[in-house]
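**Q** when you get a sec, could you give me coordinates for this:
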Amino acid sequence: MSRKNQTLGEFIIENQSSFKYTSGELSRLINSIRLAAKVVNHEVNKAGLVDIIGAAGDTNIQGEDQQKLDVYANNKFIQAMTKRNIVCGIASEEEDDFISINSQDENHQNKYVVLIDPLDGSSNIDVNVSVGTIFSIYRRVTPVGTPVTIDDFLQKGNQQVAAGYIIYGTSTMIVYTTGDGVNGFTLNPAIGTFYLSHPNMLFPEDGKIYSVNEGNYSHFPQGIKNYIKYCQMEEGDRPYTSRYIGSLVSDFHRNMIKGGIYMYPKSSKNPNGKLRLLYECNPMAYIAEQANGKASDGFMRIMDIEPTELHQRVPFICGSKNMVEKTEEFMRNA
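**A** Next up is the predicted model:
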């Protein structure tokens, strides 16, 4: 039975039996993510004191400038998962292609692949705004013991076995699900231990916060424009409050606790949307659904979208169930 102030390690052990694949491998994988999170947290929190903020001078596969902390976080998470010999493949938003992990054991039985956004919102580091890490875990579909292929990564979100995020803010938290609810753990920096602080996290069915970059309003589809006007209208419990941080993890985390909706729709500037299906949308959608929320591209469930490429982008609308359904209604009727 989970209880507040239980350590993440204790929670993983006690709840291992509720996971349908109880080999212990997934538990070790979550532990490796926990370790890397602590290392990255240490660097994030001293970013203003050392030469680790600003651009690294390279661009990633999406053509975006890589920040120094992007590169650092990417390396640390990959190292943590590969050195422990618990995954057979990793795909990162910062890498052009997936990484096949060849175990030293010729008969290795590693069953999991991880897709990760090592440092979401990293452009905010320079101005001391919360950033995060997003991860998604699948069981491989190709035969165990063989090198992974692209098919192991291009799985629908409804095939995820675990997903989560780490938020590096005023406190550092790991929030994750293995398909049996969502739980949040807060780091005690004095002793380096994560404690269960937010058991059984749930989105309120309704909320009063909408999170969208209104600077792009003129480029949005008419349905989104109409919903934004609906949010601003004085009627009943409206107008809603506009809150947009520009870091997906931070906006999502606030809305899950307080009730709200996050929108990054397609636009004339980004006709396919901007967020990545595999690294951002699927894991956040899985967490949202496990927390009584909903995630959509405006017309269909995010986790039912068939991926066609590693860095595929999609429109993303996620949050309190009634708010997402209202947005879908405006999209259908536009």
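
**Q** domains for this structure, by residue range?
**A** 8-198, 209-333 (automatic domain parsing).

**Q** in the stretch 151-300 of the chain, which spans are helices?
**A** In the stretch 151-300 of the chain, the helices defined using DSSP state H, counting those that start in this stretch lie at 222-232, 248-258, 282-290.

**Q** wait, which of those helices is closest to T193?
**A** For T193, the closest of those is helix 248-258, at 20.5 Å, according to C-beta to C-beta. Using the backbone N, CA and C atoms, a C-beta is placed for each residue, glycine as well.

**Q** please compute how far the closest one lies from its chain's middle.
**A** 11 Å (C-alpha atoms, centre = their mean, to the nearest Å).

**Q** can you name every helix or strand that it contacts?
**A** Secondary-structure packing of helix 248-258 (3 or more C-beta pairs under 8 Å, 6 or more residues apart in numbering; DSSP states H and E): strand 131-139, strand 160-168, strand 209-211, strand 260-264, helix 282-290, strand 316-320.

**Q** one step back: I'd like the helices of the stretch 151-300 of the chain as CSV, with distance to Q160 appended.
**A** As requested, those are exported to CSV (distance: least, C-beta to C-beta, whole Å):
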stretch, distance to Q160
helix 222-232, 27
helix 248-258, 16
helix 282-290, 5
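
**Q** where in this protein is pLDDT low?
**A** In the predicted model of the chain, residues 1-2, 17-23, 46-67, 103-108 satisfy pLDDT under 70.

**Q** one more time with 80, if that's ok
**A** Scanning the chain for pLDDT under 80 picks out the ranges 1-5, 16-26, 44-68, 84-85, 102-109, 122-129.

**Q** grab the longest helix from it for me.
**A** Criterion DSSP state H: the longest helix present in the chain is helix 25-44.

**Q** please name every helix or strand in contact with that one.
**A** Looks like helix 25-44 contacts helix 8-15, helix 68-83, strand 112-120, strand 131-139, strand 160-168, strand 172-177, strand 183-188 (3+ C-beta pairs under 8 Å, 6+ apart).

**Q** buried by neighbour count: which residues of it qualify?
**A** For helix 25-44, the buried set under the neighbour-count rule, 16 or more other C-beta atoms under 10 Å, comprises 25-38, 40-41, 43-44.

**Q** likewise for stretch 71-89?
**A** Of the residues in stretch 71-89, 71-74, 76-78, 80-82, 85-89 count as buried by neighbour count, 16+ other C-beta under 10 Å.

**Q** cool, thanks, talk later.
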